[in-house]
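In: Provided below are the primary sequence and the corresponding predicted coordinates.
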Amino acid sequence: MVDSTGEDQGVSGIWDRMLRAAKLDADLYEEVEADQGATGQALVVVLMSSLAAGIGSWSAGGLQGVFVQTLVILAFWYVWAFITYYVGTRLFPEPATEADHGELLRTVGFATAPGVIRVLGVIPGLTGIVLVVAGIWILLAWVIAVRQALDYESTPRAIVVCVIGWLVYLPIQVLVFAVFS
């Protein structure tokens with residue numbers, strides 16, 4: 001598959017993009033924002049990150065836990081993305097903010113790339129550490145993704161939007177985990 005810049009975006013292309021996303025490369029987030037063909041890749045990244053979290057939590061629920069955890073994290077990503085989009089475009093837009101939901105989904109989809117390290121949670125004694133590190137890393141990537149997708153000049157504004165989205169999303173996450181635990 002070739003993207004709008006003429007670059008090959010097959011298997012090696014998605015890995016390259018994931019690595020750049022994990023390195024917090026702002027240019028990557030601009031690239032996937034503009035590349036409507038990257039929507040499928042962004043979904044694959046989210047699926048891989050969600051599956052890694054599910055596998056990393058193997059000890060908590062076995063195969064059924066992997067399946068449930070993967071689906072729940074995938075759903076959480078979408079909910080957080082939707083809330084972030086609404087907050088960023090309706091409540092805190094900058095004059096240059098012009099984005100559609102697809103642009104934000106692509107960028108925050110790639111922002112989940114650091115989450116693939118959650119697979120290491122399957123190693124006894126590392127689960128908590130891996131989850132915290134992955135969570136912080138994803139949040140940092142998410143801020144950059146939001147800044148780029150919403151055309152913000154201000155990183156602090158992107159931080160505020162992400163934190164508000166996360167604060168709205170967190171009680172939903174806690175409730176769902178309480179029900180499934």
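Out: All right, it came through fine.

In: And the helices in the protein, which stretches?
Out: Remark: helices assigned in the chain by DSSP state H are 11-22, 26-34, 39-56, 58-86, 101-111, 127-149, 155-180.

In: can those helices go into TSV with extra columns for mean pLDDT, mean neighbour count and distance to P93?
Out: Every residue, glycine included, has its C-beta placed from N, CA and C. Formatted as TSV, the helices of the chain follow (pLDDT from 0 to 100; neighbours: other Cβ atoms under 10 Å; distance: least, Cβ to Cβ, whole Å):
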stretch	mean pLDDT	mean neighbour count	distance to P93
helix 11-22	92	17	24
helix 26-34	97	20	16
helix 39-56	92	21	22
helix 58-86	83	17	11
helix 101-111	95	25	12
helix 127-149	94	20	12
helix 155-180	86	15	9
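
In: okay, those in JSON lines with distance to P95 next?
Out: Shown next, in JSON lines, are these (distance: least, Cβ to Cβ, whole Å):
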{"stretch": "helix 11-22", "distance to P95": "27"}
{"stretch": "helix 26-34", "distance to P95": "18"}
{"stretch": "helix 39-56", "distance to P95": "27"}
{"stretch": "helix 58-86", "distance to P95": "18"}
{"stretch": "helix 101-111", "distance to P95": "17"}
{"stretch": "helix 127-149", "distance to P95": "15"}
{"stretch": "helix 155-180", "distance to P95": "12"}
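
In: quick one: contacts for L28?
Out: Shown in contact with L28 (Cβ atoms under 8 Å, 6 or more residues apart in numbering): R17, R20, A21, F110.
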